[in-house]
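K.L.:
Provided below are the primary sequence and the corresponding predicted coordinates.
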Amino acid sequence: MCNSEVTAYIGLGSNIGDRKFQLNRAVELLKGAEKVEVTAVSSYYNTAPVGYEQQPDFLNAVVEIRTALSAYGLLQLCSEIEKELKRERIIRWGPRTIDLDILLFGNEIIYKKDLVIPHPRMHERRFVLEPLNEIAPEVLHPVFNKYIREIFHSSFM
């Protein structure tokens, strides 16, 4: 890696097929990617669906990485992993083999049509905050200027 490394957090979710296999495979693909070093993986959490509720429960996790990729480079990598694991976008918030969402990318704040960082709904979702709090409680949310543990505890405890 080089001096322009960034620590980023990626949320993983799966509710079609072998959920654990899909999450494990996504982590393996991240580990094998150029300019990416996986530095932590949370426990896996079984969670009820949010939004579109007529679907199976999800298995969720958060991965911490160090990367020399740009935010857009990481978005492209996440999309490639979803494609390799047969992700289909049929219903918004619907069932999926795998979902990779960039939650945080260093302390960057990006508001573009095709990329919003920090993830705009992460503070509302226990399935994101609980595993993120497990591996990164002292990380500061760059918009709210609060630690992940503070956001998690004020929202879900």
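P.N.:
Done, it's in. Numbering: from 1, shown residues only.
K.L.:
So Leu140 is in contact with Asn107, correct?
P.N.:
Yes - contact criterion CB atoms under 8 Å: Leu140 and Asn107 qualify, at 7.1 Å. For the C-beta atoms, the positions are set from N, CA and C on the backbone; glycine is no exception.
K.L.:
got a list of what Glu134 touches?
P.N.:
Residues in contact with Glu134 (CB atoms under 8 Å, 6 or more residues apart in numbering) are Ser42, Ser43, Val62.
K.L.:
Let's see that with 6 Å instead.
P.N.:
Ser42 (CB atoms under 6 Å, 6 or more residues apart in numbering).
K.L.:
Quick check, pLDDT for it.
P.N.:
Per-residue confidence at Glu134 stands at 98 (pLDDT).
K.L.:
how far away is it from Tyr45?
P.N.:
Going from Glu134 to Tyr45 by CB to CB, to the nearest Å gives 9 Å.
K.L.:
roughly how far apart are Asn24 and Val6?
P.N.:
Counting by CB to CB, the gap from Asn24 to Val6 is 24 Å.
K.L.:
Phe152 too?
P.N.:
Separation of Phe152 from Val6 (CB to CB): 22 Å.
K.L.:
which one of these two has more residues nearby?
P.N.:
Under the neighbour definition other CB atoms under 10 Å, Phe152 and Val6 were set side by side, and Phe152 has more, 20 against 17.
K.L.:
Please identify which helix or strand holds that one.
P.N.:
helix 148-156 (DSSP states H and E).
K.L.:
With only the CA atoms kept, save that helix in CSV.
P.N.:
The C-alpha coordinates for helix 148-156 follow below in CSV (Å, rounded to 0.1, in the frame of the first residue of the first chain):
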residue,chain,number,x,y,z
ILE,A,148,-20.2,5.3,15.9
ARG,A,149,-20.7,4.0,19.5
GLU,A,150,-22.6,7.2,20.4
ILE,A,151,-24.9,7.0,17.3
PHE,A,152,-25.5,3.3,18.0
HIS,A,153,-26.3,3.7,21.6
SER,A,154,-28.5,6.7,21.1
SER,A,155,-30.4,5.0,18.3
PHE,A,156,-30.7,1.4,19.5
